[in-house]
Every structure is written in structure tokens, then in C-alpha cells.
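Chemist: When you get a sec, could you give me coordinates for this:
(chains A, B, C, D and E, ligands or ions: 8)
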Amino acid sequence: MTGDNPYIPYTATVEETWFETGGERSIKTFKVVLDDETVRENWSHRPGQCAMIGVLGVGESMISISCSPTEGRFLRFSVMRMGKVTQALHQLEPGDKMMVRGPYGSSFPVDDWHGKQILTIGGGVGQAPLRPIVEYVRANRDQYAGLTMIYGARTSGDLCFKGEFEEMSKCDDLACHLTIDVEEDDWSHNVGFVPQMLLDLNPSPENTIVITCGPPIMIRFVLENLKKLGFADEQIYTTLENRMKCGIGKCGRCNVGGMYVCKDGPVFSYAVLKDIPEAFA
Amino acid sequence: MLLNKDKWPEFVGRLAGKKLLAPQSGGDAVRFAPVSDGEVPMLDFKNTRVPPKQALFPQTETMYRFQLGTEEIELPQLDEETIWLGVRPCDARAMAIVEKLFRWDIDDPYYLKRRELTTLVGLACNEPGLNCFCPSVGGGPASTEGLDLLMIDLDDRYLLEAITPKGEALLDVTGDLLDEVKADAVKEKEKVVSAAEKKIKRTVDTEGVSAGLPGLWEDPLWRRVSAACLGCGTCTYLCPTCHCFDIQDETEGFEARRCRMWDSCMFEEYTVHTSGHNPRPTRRERTRNRINHKYSYYVDKFAVTACVGCGRCVNLCPVNIDIIEILRQVKEAL
Amino acid sequence: MTEKPKVGVYVCHCGINISATVDVDAVAEYAQKLPNVVVARTYSYMCSDPGQSLIKNDIRELGLNRVVVASCSPRMHEPTFRKAIREAGINPYFLEMTNIREQCSWVHEDKEEGTAKAKKLVKASVAKARLLEALESKEVDAEPAALIIGAGIAGIQAALDIADAGFKVYLVEKTPSVGGRMAQLDKTFPTLDCSACILTPKMVDCASHPNIELMSYSEVEKVDGFIGNFDVKVRKKARYVDFGKCTGCGDCAAECRVKDRIPSEFDQGMGKRSAIYLPFPQAVPAKYTIDPESCLFLTRGKCGKNPKCQEVCRAEAINFDQEDEIVEFKVGAIIVATGFDPFDASRKPEYGYADYPNVITGMEMERLVSASGPTGGKVKVFNSEEEIEPKEIAFINCVGSRDKSVGNEYCSRVCCMYTAKQAHLIRDKIPDANIRVYYIDVRAFGKGYEEFYDRVRRENIRYIRGNPSEIFKRGNKLVVKVEDTLTATPLEDEVDLVVLGVGLEPRADMRQVMDLLRLSQSPDRFFLEAHPKLRPVDTATEGIFLAGCCQGPKDIPDTVAQAKAAASSAMIPLARGKVMIGAQVATVNEATCRGCGFCVNICPYTAIELVTVNRFGNEVEVARVNEALCKGCGSCSAACLSDSIQPKSFRDRQILPQIAALGAMK
Amino acid sequence: MSADYEPNIVAFLCNWCSYAGADLAGTSRVHYPANVQVIRVMCSGRVNPLYVMNALQQGADGVLVSGCHPGDCHYMEGNFRARRRLGMLKSLMEFVGVDPRRFHMSWVSASEGHKWKEVVEKTVEDAREAGPFEGFRRQQIDW
Amino acid sequence: MNLGQLRKIAAEVVAREDVKYLIGWKQGSYGYRIAPGFVEDAAGAAELIFSPLCTANLATYLTLVEKLPVPRGQEADKRKVALMVKGCDSRAVTQLLVEKGIHRDEVVVIGCPCPGMVDPALLTEKYPETEETVEVKWSGDGFLLNRSGEEIKVPRDELLAEKCRLCRYPNPVISDILLGEAVEPWELAEDNGVAEVEGKDVGGRWDYWEEQFAKCVRCYSCRNVCPLCYCQDCILDRLNPTWVNRAVNFSENTSFHIARAFHLAGRCIGCGECERVCPVNIPLGRLNRKLAREVRDKYGFEPGVDPEAEPFQASFKPDDPGDFIL
Ligand SMILES: Cc1cc2nc3c(=O)[nH]c(=O)nc-3n(C[C@H](O)[C@H](O)[C@H](O)COP(=O)(O)OP(=O)(O)OC[C@H]3O[C@@H](n4cnc5c(N)ncnc54)[C@H](O)[C@@H]3O)c2cc1C
Ligand SMILES: Cc1cc2nc3c(=O)[nH]c(=O)nc-3n(C[C@H](O)[C@H](O)[C@H](O)COP(=O)(O)OP(=O)(O)OC[C@H]3O[C@@H](n4cnc5c(N)ncnc54)[C@H](O)[C@@H]3O)c2cc1C
Ligand code: SF4
Ligand code: SF4
Ligand code: SF4
Ligand code: SF4
Ligand code: SF4
Ligand code: SF4
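Modeler: Numbers count the residues shown, from 1 in each chain, chains lettered A, B, ... in the order given. Ligands and ions are numbered 1, 2, ... in the order given. Next up, the predicted model:
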């Protein structure tokens, strides 16, 4: 039964880890490689999908896969330390085993977006599911019109993937806009909330797809502002993070209205989501 | 086929060798319990408090075992064939309804394996309970859906109808105890069944409910009907169609297992995000979700209502939150 | 705790102390396989320098972050190993000790059994060690000042000692003068020193000491904080006399319109005073005070045309507009020296204290024999109408002491002796008096006491063993009804004067002080000390000490001894200038606390209080621990139903795995 | 019940009296059975009564809680509190059918090494008589 | 009690500015059922009843309200909740006051002296439930049923609920408004349930409870309905640390029940709700009553009668029984 038992995780080995942010709710990134070669070869995920990762004896958590399949045959997870499972995950060091099952959920329809301008708007750990898009677009540069990234956090210490932005800003048609909530020394980028920065940048809705991800309150205001800027519902995508246990549409708790976030989501077009009353609860 | 009731003990005897469960009265609450060898269960009860959904979806199921510190996973042995005797049609229907979910998209190996190993022998209801309303939701006191074999009590004999090959197999091993069905028995059956249907009083018209529910999202009725809710698990744990579960790792020394257990959308903790944010923060949202799930979401996904009208939640809700009454109010509000 | 636990296990041979009964190598081998254990070693003496170095090296080289030492009792070497691992750079609380000597190798004979048990214990220690948390003990500054409440002999003595040591003392006295009960005494047993002669110099010192800020006629209103850092608020009551201007001449009192009409507290109501008064001639400070309850001007708003006192005071010190003044200051330690009340004899109606003027208390007798007393030292009593010198005098001991019927089971410790003293003084003044003492037992336990008692008995003072049942009047005489229990003869003894040897009781207003400082009472209702034997001057609250009769009845020598003890204890934090706040304290999970306050009731150190916090706009009450007061006993935690309060290092989530480890393996 | 059955006992000892008493037993080389495993807590008042239940569920056959004699508690009254709580627990456990021989409480002072030995012997003997407590075991269930 | 008076007073109370709503009993959806009623206006007040079927203890709702985050700039609603209580319910309120689960100024307590409730199980056994609503009243020394127009008088002893047979406080111990006349407390019955268990030997008791606890589905109704189980995060289903595994089996269920009963020692006021709501009929009351009796007999303590009392579990007496100590 192991083979077709969707609840059985694969073993993977942690190759590298580093902290993205510090503090009580630190975010740690894991680069892991699936142990079994066939499994590794057969694994294919798309930007936006996630996986159930965990530690045997403690439990599992749904975490976005924060790398693009174009990056190589490994997986990356950026995990914020929240509770029981994420705490156990944080204790993993290179060489330790992590249990992984997936990939799960819907993905961003990146192939439908060919020729379009891509705008990502992220907040905090919400950048994790956006990062694969950025990477995917970078890897397939010629197929997209361009990419703009807006990313903010409370403080500079709360920004994930900091090292990568430098490099990114060097590419001429990739615009990378960073912001933090309050003024800090040695901060050369913007100061202010993400939704406001969006307004300030005033991107044109034309031929553009927006993907936003972050804390519920940020999303709410970003959506409002996108409306102001003239974006249509169909142009906007976001992800939801409801609580889930099984990841495969059985355990019941992740539903928003009639949708299961683990199956029908986590990626949703705003056109769909706006009619689901529970989605922004 | 017909089985004379005096041959009932012998019939039961023939089933020996497989694990047999039947309703038994423990104190004043009837429940399914294993039948020991030589024991003859009498099927003279209305319905069990706890539904037989546990046949396929045990309250706690070990998904796999492992030793702490290793990654070797061991699956539980699922190979015992069981026969559940005296399953009421609504409960069997419920199992069929839930199976749709467990088969949807990705198969749930545990549920399906258990279904394979289980033979469900039903018993039609001649005396429906006060809160039975199966006809309102597409069922009936002699519904066969989900069953392998249905028995209908015709006073001194049982009428046995095989529904699936598994049911037929049962008739095969007991063939010598059975008589062919004659017209009188068929007539009698019809009489019994329609009499039973007539005894169902607390019915409710569910026409249009599924389509109409989304429009009632913010209706004041939800607050009204949920105000008294205690947020306990009674209505959901005892509901034959409720199927939500929690997954937990449990350890004992170095031994550990990952298991799943019933969960309930009426619990506050059910949807709480780790951050503390709860998308369903009050009993109003939770009650609304329960009704919507059964009468709208499930219908949209699987074209069937996830309520079989067994009446358990009505009987046992400690504070008289009555799904029949809620449906009436929903109808009114439409 | 984010890092992965990396445990090192160190099993000690302790020479052969352990290894004779425990196969230490087997234990280490076993430990090596436990989850998160990086290294397990044995060594002959773990506590030795090389042993400690072994641990330290592993910490540095293998990156250990948890250490389990399986050796002797933690009561022995926990500090040693804590220090060692701290030196190697990890938090000292990342240590767990396994006792395989005192509670294993030394008490078991069978090596197999001993080894098996040692393994289990190590396993439990590893289970806990993985979950240990880093703790910091904090040090905070201590204010180099002390507050002393009550200026009887206890308070005075403590104040002088602390002040002499160079610390600031705030001495707060409720009444207008310092001195307390001792000032009321005539001579003191057993040496018969004149009380005033030995006390007055100390009172004066107190007032003039540069380090003592004396606040008489004042009361402490509020005390917050903890050892080293108490915030104190004192109310200086209005005296209506300008403290700076009053010269203490007394002209005012002499002219007061209610002169000699107000019963004097000092003279036990036997003498009279004015509304403006000095409690007694030697009072310190020698400043007058207007009693607002008897002053005509203050009670009626009018005193003749003009208040007389104001008219006569040449220093112009009288000021009726004066108001209470609140002063606030900070101290590092507090001494409570609020003393006692004499037992109220009217609570024993059978003795007729309230009915007969010639039944008096010992305290009244003190004033009566005193040369400065209301009678100028002449012993005379009113026998109905006439004033006589009593010839037949009976003392009764144990009035209000050792007496369940009034709720005082204790012995007051001074009555036997002061009765003897007073009998002696009367013998001096009325040589032909017939004096007897009714007693239950005579307790003369102090230095020189038995000798003194013997001397008094030889002065023709009869001691009759018996507890009088009744006193009534017959003609001009009082009749003491009693049974002489030695001869079993019932007596009806006719006397002129009965002196009741009243016992000592807690101050009537001590509840206020208890609430103020959150102190507790012992069953005798005096203040409860932290430990009856080993910490007799400490209270449950660190930094608060007891001196004198507020802790229990005692005589002057004991009072002074205790005052000096309290002073030296109080000076410890003052002298160090710092206090340590324990690391192993309780903490509250405010998210789950239901604010029931069980823990608040339970904490013997009043370390917990309920505070109101804002939970997403809702006000909820939750418990909060004052880490400076908490001692980490954990009693609160066992009563918290929602497990919201947990002592660090002994949390449920640290102990439960320990239990599991001990249970699981047979 | 096999003749060589050795009960497994978990004991909770307060740091100041009972743990010290047990240490004294060691220093005085008093011998006693090896069945008792000690968990040190600061005060008997720390012992959450549910520890007793938990220990039995996790595989102990008997549980002992020991603290200072009344009036001797290092924290003044922790042992009084333990007495009330654990007394209630004992009644409850007995009512539920847990053999009372499985749970004991004692006062052992720091100078009572010999008493500690007696307490251990009594606890072990009682637990032995009560037999293995399999009924309540966690690991036995549906594993 | 006069229903008119009840409804009038209820209407007055809910009309008050400082009252959010009133919780009382109203006719349920069918048969003998009674439902808790949350009354906000006079129309709602007119539905209130008080009858021998009003067994439910509404005090539990005092602590069951979800405190939602208050939007910025808004104030939390601090108005009072009015609550109808019987004798036993009023003890729950009192105990809540002792434990600061609520504060006195947050409630308006409307006391209903209670002549004793009907046991719904006994009632349905004798007179099966119907879909029509049935009115039950007190009448003289018994109960009066009105089933489809037919009046049936049943002697009190036949139907009296067990908790009422053992009730010492039929009159509210605390109330702001008292409806009707105080009732005369009656003679207490023997606690046969507890005695039955006590009559068994230790092994017999274990077997008895094993059978009972094995039935439990851990729906947590018993806990949720209990007015004194109001922890934000109950230890019985908490994960870190785990006291009781979420797996449902005899071992975990036994822990669950021991812990629950223990948590209620000296706090349970005997309203019998846990036992009433248990869907699988586990006689939970026996556990609680046994402990309540110990607390009363051995420790001289009765919870829920004095709002100023020190909580039993947070206090001690130097002479508490200690005869079990070695
Ligand atoms: C689609 C999706 C993508 C996510 N991506 C990321 C990511 O990239 N990085 C990241 O840091 N976090 C992500 N999260 C959130 C992450 O799953 C939770 O923070 C995590 O499960 C917390 O588990 P815990 O055991 O540490 O917390 P606890 O509070 O101790 O949780 C206990 C149990 O509850 C479950 N649980 C609690 N909250 C959640 C939740 N929000 N979702 C699912 N299960 C929950 C856990 O499975 C666990 O068994 C994502 C969630 C979803 C649904
Ligand atoms: C009749 C009698 C005779 C005695 N004879 C002798 C004897 O001969 N020899 C001997 O050794 N002992 C004798 N004693 C005992 C002796 O009186 C005491 O030992 C001694 O007085 C105790 O001193 P103290 O400072 O503790 O208390 P106290 O003298 O009572 O002093 C306490 C002081 O605190 C003040 N105070 C109280 N409450 C407050 C407050 N809230 N705020 C501020 N100030 C407050 C009081 O006003 C008082 O000034 C005798 C006792 C009695 C009753
Ligand atoms: S509806 Fe009834 S049974 Fe369901 S959770 Fe609410 S109170 Fe419990
Ligand atoms: S919702 Fe109620 S009536 Fe419907 S199937 Fe579930 S328990 Fe039965
Ligand atoms: S006992 Fe527990 S729940 Fe109650 S106030 Fe204290 S910490 Fe909070
Ligand atoms: S651990 Fe002890 S001292 Fe600290 S708060 Fe709790 S009861 Fe008080
Ligand atoms: S109500 Fe009954 S079934 Fe539900 S948890 Fe309580 S005892 Fe178990
Ligand atoms: S069982 Fe205990 S922890 Fe749970 S809610 Fe009740 S009192 Fe609180």
C-alpha cells in the first residue's frame, strides 16, 4: 500500500539551511533533496504549489515550495517558526532527514501569462510562494514582458531572501522595490506600507498580471488599491493559507465555501475568490 | 430470499469466521459491538447512538507506525473481513455518500480498503424514529444505497435482498436456510415500507435549499439558530456523514505512530491558524459552515446532500439545535 | 529553543563509589544511543578539574548545548557543573544531573539492578535535558535605605544599628512619640533598671542621628515593589503644630480649654491630658500635637473667642490649616516592629475589670508605681468612694494567656516576671502589704529570672497555685474565688486590690499592616516568620523582617536581640547594593490564563497578581508573576487548571517526558 | 502475575526534605529495592496530581509523592497544598477502581534516611501485591 | 411560578440600557425539548418559560461567549448579561464569581426557585416523545403533562431528576431579582448511583468504569456544557504538552475522565449537565458527586455557595485529612 498511499511521505535530506530572519518568529530556509532517485526524477512542481513537510513523531505542516522547478532537482522551503511542527523543523540541520509529501494544490498559470508584464506584491513570509514565480520568469525571461516586484516587511530584518535582491536589481528589466514599515538607519529603499507603495508606483494595468501574497490585512488593502489603479479581477491572483491536515482534500478543515484550499487552491484568481464569502474572513 | 426468524441463529452462525458486529444495548444506549461466538444478536432496536461510520472510518486510525529517530515506516495490517449486521439504510447511504469524497481525486487507501473488507448488512426501518427524515433528503426507510444486503423485517421472517456481489455471497453460504420470495412477501414488503414512510412525521422540504444557501450567507438566521450552540462535537461525531479528521503523531518512548481521528468543524480550534487568526471565529460561522457543507458545498461537488436524515444531531444536541428546524428557517428565508 | 539539542552525557565512576554497583560503561553506551545524544563518556571523578575539562572540551569541540551529568546528588555538585558549563560558554541551566550515587549505587547491591536503574534515570535526564531552556538570573540594584515601622524599643534599636552602619533609615511611628510600650514601664525585670533611664537616651539618639529620618505621628500608606526596591508612601498626619517652630515649652497645654479632661493614653487613662499634648515628659520628638478628636476648635470649629493655645504660643507654632502630608521614598529593606497590645481584661468578665475600679491590669500597675505616673508613684486605689492605700493585694497571672476561651493558647512570656517585679515594687512601697500571686505555673526562664523570682518569693510574697474563677464584691472588699490546687482547698480571698497579669496580644490594627505588606499570621495571630527555627526574623517576603513583639510576645532583652538580628539581616541587601533575582521562577502564558486567580491565592510569597490586559480590544484579567518575589516552588502551577503558569526548569512539558521515560522501559 | 514481577515505581520528591532524606539514606548506605525512580521537584506542592495519573498511564505500576513534614515545608505550605490535592486524587482514583496500593504519599524529612527506606519498601511491596497495571497502559492500546 | 410575571420582568430587564441580552428557557422545536433563549426584546421575552423541563444550566453561556477582536476605534460591549437561574445554576454563577470567570457587575441574575426538574429520560421512557410540543407543569406534589390536550398527572418521585433528588439548594443562592416564592428544601435521597459504585471492590469498580469510559467518543460535550469548564485552552485537548492523546481509546478516555473529574473537585456544583448531555450516557455525575461528597465530608467545603469563599483547590487547612500519608 505504501506506493499508492498518499499519506506516506518521502524522506529527504536537508542539504543546506540558513536563516532569512531572526527573532521569536524567525524564518529559516531549507534546501532539501529527496532521497529516492526515482522519486526525485518524477517529482515535478509548479510555482505556487506546496508540500507537506514534517518530522516523524511531531507532525506535518503545509509549506509553500519556495523555489522554481527551473532551479534544479532540489526543493526549498522557507519556514516561519510558529508552533510545534515548525519548531521541530527549525531544529533540522544539514544532514538531517525531513519528511516530504506533495506537491499539492494549484499553481500559478504561468504558461497562460506568456507575453505579459508580471507584478508580484509580497509581505513578510508571503514572499515564499512568490519567489518561484520570480525565479520562473527569470529562467524564461524571453516569454514574459517584464517583472516588477514589490516586497515589504515590518523591518529590514523581517525581509526574506535579502541576498537575492541585489543580484536581481542588476537585471535591467526586473524592477525590485523594497519597503519597510518604519525608518531605519542604513536603509536605502522605500519606507512605508506595501499598499501605499503600490499606489505610489502607479503601475499600469495594461497587459499585467498581479500576484499578491502576505498577511490578510495587507492583502485587503492591496486589493483595494489595485481596484483604484484599474486592475480587473481576472488580472489578480493570490494564495490562501487555511489550516490543513491532509493536504489532499479529505480532512475537511481548509474549505472556503465549497472550495478546498489544498486542492482548488492555494492559488486563486481574485475573480473566483471574490465570490467566496469565507475567503477573506 | 426469505429467512424464517427461527433460523436466524443458524444464519448468524454461518457468518462465523469473519468478524461480526451488530447493535447491542449497553446500558440504555444502543451501540455496535463485536458479536462473540455463539451469541445471537437481536435486531430489535431503533438505531445506534454512534453511527456505524466507524466501520470504514474508525474514530482513531493508525495510519502508520515508526520508530523515533528512523524514517522507516510500517503500515498497519488491514486484512480482517468484517460483517456489520443491522446497519440502518440511512447510515449505509451515508457511507456511500462519504465514499464519494474518499474516492475523489486521490483515493483514500484506508477508507477504501476497509470498504473492500466490510460487508454491510442492512435492516430496513419499520419503526422510524421521531426525528428520522430520510425521505426529505433522498433516502427512505428501505433504501439500499451503500448496502451489500438489505433485510426487511416481515414480522416472522426477514426478506433478504442482495445488492452487491458481496451480499450475494452471503446468500450463497446461507442458501439452504432461505426460501424463495413469493408475491405475498413482496406485497408485504411494500406494505411495511409504505407504512414506515407514513410514520415519518418531521419532514422538511429541502427543495431549493442547496441553491439558495449561498444567498443567505449574511442572513440573521445563522445567529439565531447558533446562539445556544455549545460548540461540542455531538452533532458531528454522531453524524454518519461527517468525515473530517485530525492527524496527530503520538509517541510512547521510542515507539510512535501517526494517526488520524475524528474532528469536528464545530470545535473552535478546528480552523484556527497558527497565528491565532480564526476565519470562523464564532459558533455562528461554524454552524453556518456545517449546514452549508452538508446542504450546499457537498451537493455542488458530488451532487448529493451530505445529510441522510438520520436525526441523530436532532436527538442528541444538548441544546435543541435542530437541523430540521434550521432547514425550515432556511426555506422561509429563501 | 530553536537549535537542535546536542546532549553530552557524562557518567561518573566516583572512584568505586558508583562503579562498584553500576556498570558505568554500559550506562554510557546505552546513553550514546538515546535521541539527541552526541557523546557519552565516563570518567573517574567528573567533579575533578580534569573531569570538568572533559565536559568543557566537548562543549567547545562537539558543539554540545545540553549536558547530563550522571554522578552524585545535584544537591552536592549542581553548582559545580553549572559553573563549568557556563565557563565553556553555554547557559548554566542547560545542565541536568542524574543522581546515580546517593540514590542508586549506594543504596543497591545488585550490580545488574543498579545498572538498569542508572540507565533509566539517565534516559529520563536526557528526555528532560533536551527540553531545558536558557535562564538568566538577574541582578538589580538595591536602595541603600531601610524602612522601620514602629518605634518601640525594637524599632529604635534596629534603626540605630542600621543607621550606625551608615545606611539611611526611615523610622515611622504612629503615635506622636517614639518609645512604645517600654516607655510606659516603671522598672524592668530582672535587673530593675528604670525603664526611662535606659530607654530615653536611645530615643534621643534616634531623633538626632543624621541617618535616621524619624517620622512620628505618621503611617505607612502603601508599599510596592520587592527586595532592594520597595516604593513606600507615608502619611504624616497633621499635628496642627508647626514642627519647626514648636519649642516644646508646654504653655499651650497648660492653657488648653479642655486641660486635664482627656484621658491620657500613656497613663492608661488613669491620668489626664489636654487636647494639645506631649504624651509624656520625655517624649521624643519633644513637640506638641493637637489631638483632632478632642480639640474644640477642630471638632466644633470654635474654641472660645480664639483658640487658647494659639493665643499663648509665643513661637506661633499653632497652625490649624495644616494638612496631612504624603511623602514617598524608596528603600531596600523593611523591618516591621509594631509591637503588641495588652490583653483587654474586660474580655474576662468574671474578673470584674470593667465593674470594679480596684481591679486593674499590669499595665496600669506600671503607671501606678511609676514616679512619673498619675499618682506620682503612690499606690492608691479607689475603694468605692474613698481613696485608700491597699493592704491586701492579689495578683492573678495568665489573664488572657494560655486561655482557649479567649482564643489565646500561647504563653505571653512576660507576665510571670512583671508580676514578680510589681510585687517587689509594692513590697518596697507598702512594706506591710499582704501580697499573693495566683498562678498556674511560674515561668522564669531567662537569664537571671529564676534568681529574681526566688528573691521576690523570699520577700514574703505568697504564691498560690490556682486559677481564680470569679471576683466579686463583698462590702468594701473584693473577693477572689479560687481553688488552691496544691492543697485542693477552695478559697474566698478578701482583698483591696487585684492586679491582673494581662498577656500580650497582636495589635488590634495589625490587619492593616498585613494587607499593606501582604504578611501572614501564625495561628497565634502574631506575624508569621519564614521559618520558626531557622529564619525567625524573616518573613515569606524577601526583604521584609520582623522585630519585637509583633512576631510574638517577648521581653525586652529578646526584643532587642531580635531587633539587632533583623537589622543585620536587613543590611545584607543594603550592604551588597544588589539583589539577585532567581532564574527558576514561574511564568504565565497569558494567552491561556483564564484569570481565575487560584495561583494568586496559592503563592506563599504573594508573587502573583492579576492584571488587566487588552486582548484584541477586550479587557481580560491574567496572572502576572513578580520575578523578584517568586521562589520557583511551583505550587501555583499544580493548581492552575489550564496549566498556564509554569515554573521554569520544572515545566510540565519538561517533566512529562521524564515521566514517560521512566514509565516506558521496564 | 509472575512471581518475579518487579513493579516499576515513579516517585516525586521535594528537593528540600524528601530528596535530601533519600540522599541521606545513600550516605548512610541504607539498602532498599531498586524499583523506585525519582523525579526531583522543588516542592511537593509542585506535583500536579495529574502526574500520578500520567505516570500510571505511561507505564508505572505505582507512584509515590513525598514531601516535608507539615510545618517544615521550605516554601511554608506547599506540602499542605499537596496533601489536599493528592488526597482528593487518591479518593478519585480509588473510586475509579485504581488499586489504592498503587499510590502513596509520605512525609520524609532530610534526616529520615531510614524512613525513606521504609517508605520505598512499603511502596514497592504494595505495588507488587497490586500486580502489573496493564489495564491503563498507553502503549498497549490499539498500536 | 407565574409566567406572566416572568415575561414582564424579563421584558423590563432587556429594555434596560445596561443589559445586552437575557438568557432564559423557551419552548424547543418539538416534544419535550426546551431550548436556551437569547432574548433581546419584548417579543423574545414573551417566549420565555419556566417549567420542570428547564434542566439546562444556562450559566455556561456566561463564559462561552467568544470575545472577538474589537475593531480599532471601537469599544468592547460591556453591557451586562441577564441570566435566569435555578438553585443549582445560581451556584454555578457563584462559583464563577469565586473563580473570577465573571464579575458581579457583568451579570443580572434572575433567580427562579425550583421545585425540582423532570428527568427527560424517565419521562420519555414512560411517555414517548412526540413531534408536537408537550407542556409540563408542576402541580401540587407532582407533575402535570399536557399531551395533545390530554392531562396526565405523574407523582413527583416517578420523574424527579437525579440531580434534584440530591439537591440541597433549590433556591437561588444569589440573585438580583427573585421570581416567585422560595421553595421549601426537601429531604435528600440516597445517592444510589455513587453507592452502587462504592459497593463494588476495587476491581469491580475498574471494570465498571472501563465499560463506561470505553463508550466515550470524546465529543467534549460534557466539558463544553460545564459552566465551570471555561479555560481558553483546555488541557484535555491541548497538544503541547500533551496530557491526553487525541486518540480515542480506553486508556486515553480514562485519563480524560480522571483529569476532568479532578479539575472539578471542589468546583462542581452538581447541576448534572455533563451527564445530561453525554450522547452515550456515561454516568459522569457519579464521579463528580463522589468528589463533591468527599469535599463536603472530609474538608467541610461546599462550592458555589459563598462568592467570597477561597477556592477549594487554591486553599488548605492545617488539619486537612492526612491519614493516607505514610
Ligand atoms: C498552502 C499553505 C502554504 C503555506 N506556506 C508556508 C510557508 O511557505 N512558510 C511558512 O512558514 N508557513 C507556511 N504556511 C503556514 C504553515 O503551514 C503553518 O505556519 C504551520 O503549519 C504551523 O504549524 P506548527 O505545528 O508549527 O504550529 P501549531 O500551532 O503547533 O500547529 C499544530 C498543528 O496545527 C496545524 N496547523 C496550524 N496552523 C496551520 C496552518 N496555518 N496551516 C496548516 N496547518 C496548520 C499543524 O499541522 C500542526 O499539526 C502555509 C500554509 C498553507 C496552508
Ligand atoms: C505590663 C508589662 C510589663 C512589662 N515589663 C517588662 C519588664 O519589666 N522587662 C522586660 O524585659 N519586658 C517587660 N515587658 C515587655 C516589654 O514591654 C516588651 O518586650 C517591649 O515593649 C516590646 O517592644 P516592641 O518594640 O516590640 O513593641 P512596642 O513597645 O509595642 O512598640 C511598638 C511601636 O510601634 C508603634 N506602631 C504600632 N503599629 C504601628 C503602625 N501601624 N505604624 C507605625 N507605628 C506603629 C507603636 O505605636 C509603638 O510605638 C512588659 C510588658 C507589659 C505588658
Ligand atoms: S449544534 Fe448542538 S451538538 Fe452541535 S456543537 Fe452545537 S451544541 Fe453541540
Ligand atoms: S446532519 Fe444530522 S440528520 Fe443529517 S445525517 Fe448528520 S446527524 Fe443525521
Ligand atoms: S491559576 Fe492559571 S488560569 Fe488561573 S489565574 Fe493563575 S495562571 Fe491564570
Ligand atoms: S513558583 Fe511558587 S513562589 Fe513562584 S509564583 Fe508560583 S507559587 Fe509563587
Ligand atoms: S459527553 Fe460523553 S461521549 Fe462526549 S466526551 Fe463527554 S463523556 Fe465522552
Ligand atoms: S477540564 Fe480542566 S482544563 Fe479543561 S476546561 Fe475544564 S477546568 Fe479547564
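
Chemist: which residue ranges form the helices in chain E?
Modeler: Listed in chain order, the helices of chain E (DSSP state H) span residues E:3-15, E:42-45, E:60-64, E:87-98, E:120-126, E:156-159, E:162-165, E:192-198, E:202-215, E:221-225, E:250-263, E:273-277, E:284-299.

Chemist: my bad, should have said the stretch 1-150 of chain C
Modeler: Along the stretch 1-150 of chain C, the stretches classed as helices by DSSP state H, counting those that start in this stretch are C:24-32, C:49-62, C:74-87, C:111-129.

Chemist: can I get the CA coordinates of the second one in PDB?
Modeler: Coordinates of each C-alpha in helix C:49-62 appear next as PDB, following Å, rounded to 0.1, in the frame of the first residue of the first chain:
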ATOM      1  CA  ASP C  49      39.300  19.500  37.300                       C
ATOM      2  CA  PRO C  50      40.100  17.000  34.500                       C
ATOM      3  CA  GLY C  51      36.600  15.800  34.700                       C
ATOM      4  CA  GLN C  52      35.200  19.200  34.200                       C
ATOM      5  CA  SER C  53      37.700  19.900  31.400                       C
ATOM      6  CA  LEU C  54      36.400  16.900  29.600                       C
ATOM      7  CA  ILE C  55      32.900  18.400  29.600                       C
ATOM      8  CA  LYS C  56      34.200  21.800  28.700                       C
ATOM      9  CA  ASN C  57      36.200  20.500  25.800                       C
ATOM     10  CA  ASP C  58      33.300  18.600  24.400                       C
ATOM     11  CA  ILE C  59      31.100  21.600  24.600                       C
ATOM     12  CA  ARG C  60      33.700  23.600  22.600                       C
ATOM     13  CA  GLU C  61      34.600  20.900  20.200                       C
ATOM     14  CA  LEU C  62      31.400  19.000  19.600                       C
END
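
Chemist: by how many degrees do that helix and helix C:74-87 diverge?
Modeler: 50 degrees (axes from the mean of the first three to the mean of the last three C-alpha atoms, to 10 degrees).

Chemist: Give me the mean pLDDT for helix C:49-62.
Modeler: Averaging pLDDT along helix C:49-62 yields 95.

Chemist: same check, this time on the first one
Modeler: This predicted structure assigns helix C:24-32 an average pLDDT of 95.

Chemist: One more: stretch A:152-172?
Modeler: Here the average pLDDT along stretch A:152-172 is 80.

Chemist: How about the secondary structure of the residue in chain D positioned nearest to ligand 2?
Modeler: Per C-beta to the nearest ligand atom, residue D:76 is where chain D lies closest to ligand 2, at 23.4 Å. No exception for glycine: its C-beta is placed from N, CA and C like everyone else's. At residue D:76 the chain is in coil, as set by DSSP: H, G, I helix; E, B strand; the rest coil.

Chemist: Thought residue C:602 was touching it, still the case?
Modeler: No - shown here, residue D:76 and residue C:602 do not form a contact pair, counting by C-beta atoms under 8 Å, at 11.1 Å.

Chemist: Could you check which of those two is surrounded by more residues?
Modeler: A count of neighbours by other C-beta atoms under 10 Å in any protein chain shown puts residue C:602 above the other of residue D:76 and residue C:602, at 26 against 22.
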